[in-house]
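**Student:** Here is a sequence with its predicted model. Questions after.
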Amino acid sequence: MMRGALVMLSATTLAVVPPVAGASAQPSAATAPSTAAAYTVSPGTSVNVNARVVVLPGMTVPLSITLGNYSATPSQARVRFRAKCITKDIDFLTVWSAPQVVTVPGDPANPPKGGKDLKTVSASITLPATCAPQPDSGPISHDGDFAAEMGPAVGEPTGLKQSLFWIGKPFTYTNYRYNLELQTHGAPAESAAHHTLPRKFEAKFNKAGIPTIHDPIYLRWWCSRPGVPGNHPSKAAEYNALWDTFFAQKPNPTAAEVLAYRASIQGRYTYTCPPKTGPTSSRLAPQTMMSGS
């Protein structure tokens, strides 16, 4: 059972954020622009922070955001990332990354639109080990959020873009379906939780540098309704055979090679069940079958 309904924050909400205590709002002399220019930076097409949906306490999480520009003239921006969570004792914890002053190229569009991806800013944040999942109560069902704070290179920040996260259970075989449900905010009816890195090759994936194949970022739902062409039971062996071929060609792949191959074969299959038709059709409860692939 999912721990709560998804609560989304507006992707376009801007909020003035006070500077962190003890930290200067001014960049160093080495990064400060020589002249004050108009601040014209905007979020790019990836409006919210690109981050994980399901995390674990103590996990180091890579974050990024794309920036655009409302002007044809390059503009500087000061960006830093934040992770905020709550402990089991309801203490709020906040961790910030070091600020980065970046130059966003001008948007050559005429007139400038501001939504084009012109600059990506990245950082990693380690969540406090005392972050804890929260019971669902009231309007808030998430366990914390990541955010990117941005503003002019010199002066107060002007915007904050957020991405919610939920704290899962350890990324093991026992918990993999639970964590996938958490990541997708529920399970599609008649679908199996599918390992895109098959369990048959778990030791090989570990050797390649992938700590666990049960991480929800390597899982997806696959229609398992009987009689549906391309359903999970009919294609599981074929999917595993693709990996047989991969490892025959690359006995000792790197993690990057494994993930590149994984990405390259995902489009070969249809994963969602077609809608049912007819007056007697009904939505079935999600199955609890365990996927072997």
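**Tutor:** That came through fine.
**Student:** how far out from the middle of the chain is the helix or strand hosting residue 148?
**Tutor:** Residue 148 belongs to strand 144-151 when assigned by DSSP states H and E. Relative to its parent chain, strand 144-151 has a centroid offset of 14 Å by CA atoms, centre = their mean, to the nearest Å.
**Student:** do the same with stretch 270-278
**Tutor:** Relative to its parent chain, stretch 270-278 has a centroid offset of 27 Å by CA atoms, centre = their mean.
**Student:** Could you list the residues in contact with that stretch?
**Tutor:** The list of residues contacting stretch 270-278 from outside it, by CB atoms under 8 Å, 6 or more residues apart in numbering, reads 188-191, 194, 220-223, 225, 228, 230-231, 282-283. Placement of C-beta: from N, CA and C, glycine included.
**Student:** who wins for most neighbours among the residues you listed?
**Tutor:** residue 222 (26 neighbours; other CB atoms under 10 Å).
**Student:** What strands line up against the host helix or strand of that residue, and which way round?
**Tutor:** Counting by DSSP H and E, the element that carries residue 222 is strand 219-223. According to DSSP bridges, strand 219-223 forms sheet pairs with strand 191-195 (antiparallel).
**Student:** can you dump the C-alpha coordinates of the strand it pairs with into PDB?
**Tutor:** Taking Å, rounded to 0.1, in the frame of the first residue of the first chain, the C-alpha atoms of strand 191-195 are listed here in PDB:
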ATOM      1  CA  SER A 191       1.600  -5.100 -13.700                       C
ATOM      2  CA  ALA A 192       4.800  -6.700 -12.500                       C
ATOM      3  CA  ALA A 193       7.700  -4.900 -10.900                       C
ATOM      4  CA  HIS A 194      10.400  -5.500 -13.500                       C
ATOM      5  CA  HIS A 195      14.200  -5.400 -13.000                       C
END
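**Student:** next helix or strand past it?
**Tutor:** Counting by DSSP H and E, the next helix or strand C-terminal to strand 191-195 is helix 202-208.
**Student:** other SSEs contacting that next one?
**Tutor:** helix 255-265 (3 or more CB pairs under 8 Å, 6 or more residues apart in numbering; DSSP states H and E).
**Student:** If we go by neighbour counts, what in the helix it packs on is buried?
**Tutor:** Using 16 or more other CB atoms under 10 Å as the test for burial, helix 255-265 gives 258-259, 261-262.
**Student:** Stretch 106-121 now?
**Tutor:** Quick answer for stretch 106-121 (16+ other CB under 10 Å): 106-107, 112, 114-116, 118-119, 121.
**Student:** For it, output the C-alpha coordinates as PDB.
**Tutor:** In PDB, the C-alpha atoms belonging to stretch 106-121 read as follows (Å, rounded to 0.1, in the frame of the first residue of the first chain):
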ATOM      1  CA  GLY A 106      22.400  34.500 -24.000                       C
ATOM      2  CA  ASP A 107      19.400  33.100 -25.800                       C
ATOM      3  CA  PRO A 108      19.700  33.900 -29.500                       C
ATOM      4  CA  ALA A 109      15.900  33.500 -30.000                       C
ATOM      5  CA  ASN A 110      14.300  36.700 -31.100                       C
ATOM      6  CA  PRO A 111      12.700  37.700 -28.900                       C
ATOM      7  CA  PRO A 112      14.400  35.700 -26.200                       C
ATOM      8  CA  LYS A 113      12.100  33.100 -24.700                       C
ATOM      9  CA  GLY A 114      14.000  32.100 -21.500                       C
ATOM     10  CA  GLY A 115      13.000  28.400 -21.400                       C
ATOM     11  CA  LYS A 116      15.800  27.000 -23.500                       C
ATOM     12  CA  ASP A 117      18.400  24.800 -21.800                       C
ATOM     13  CA  LEU A 118      21.600  26.800 -22.000                       C
ATOM     14  CA  LYS A 119      23.500  25.900 -18.800                       C
ATOM     15  CA  THR A 120      23.400  22.900 -16.500                       C
ATOM     16  CA  VAL A 121      24.500  23.300 -12.900                       C
END
